[in-house]
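> Turn this into a structure:
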Amino acid sequence: MRRVVLAGCALSLAIGAVTALSVSCTEPELSPFGNPNTLDRKNLPGEGGVEALVCTGEGEGGAGGGFDGGCPSFATDIFPYFTAGGTWRCADGACHAPGATAPPIVETSAAECLASLKQIQVAKIPYVSSDGGKDPNAQSLLCNLQGSCGSKMPKPPGADPTTADLCKIEAWLKCGAPP
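The predicted structure follows:
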């Protein structure tokens, strides 16, 4: 009888050891969304992905964005967003002001700001084409603002661009990014 009890105890210990060993060697379950410390909007589950930009409006001049047959200009329609006090605050001292985080965005004038944007590349694609190209997909400004290339901009305290803002940028790029 004593042998049966000892054999039963030994068997229980062996089963317990095998179970403990198999549990301790199991890899932790991985999230299907990647490392939570590197989440980006395009990786988020559900509605978090980047939505396709749909620009409509009358009098688009073939460019999109509803600019009454004309094109937006950088100086009047786009530059104010980039200034330190603008909606996106790109040239703010905490962001891309000269001497802050690279690449520098100069806000002393619309012409200098545009020239600084033409020096930037995201994913080896020019931010704004310096040769007057009219394909928004060959320039990274729009996709950077949408978060579909590079790190989404602007970062807080800048406000996210609205659909109307993005359509304005798209129209400006399709017009060849006029100053």
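> and the gap between residue 132 and residue 175?
Look at residue 132 and residue 175: by Cβ to Cβ, to the nearest Å, they are 9 Å apart. The way it works is simple: take the backbone N, C-alpha and C, and place the C-beta from them, glycine included.
> Also residue 76?
13 Å.
> dump the residue contacts of the residue nearest to residue 141 when sequence neighbours are not counted.
Excluding its sequence neighbours, the residue lying closest to residue 141 (Cβ to Cβ, 6 or more residues apart in numbering) is residue 127, at 5.0 Å. Contacts for residue 127 (Cβ atoms under 8 Å, 6 or more residues apart in numbering) come out as 117-121, 139-141, 144.
> Looking at residue 132 and residue 175, which has the bigger crowd around it?
With neighbours defined as other Cβ atoms under 10 Å, residue 132 and residue 175 compare such that residue 175 has more, 20 against 9.
> rewinding a little: and which of the contacts of residue 127 is nearest residue 169?
Nearest to residue 169 among these: residue 141, at 6.3 Å, using Cβ to Cβ.
> I figured that closest one was touching residue 173, is that so?
Yes - here residue 141 reaches residue 173: they are 6.9 Å apart, a contact under Cβ atoms under 8 Å.
> what is in contact with the two at once?
Counting by Cβ under 8 Å, 6+ apart, the residues touching both residue 141 and residue 173 are residue 128.
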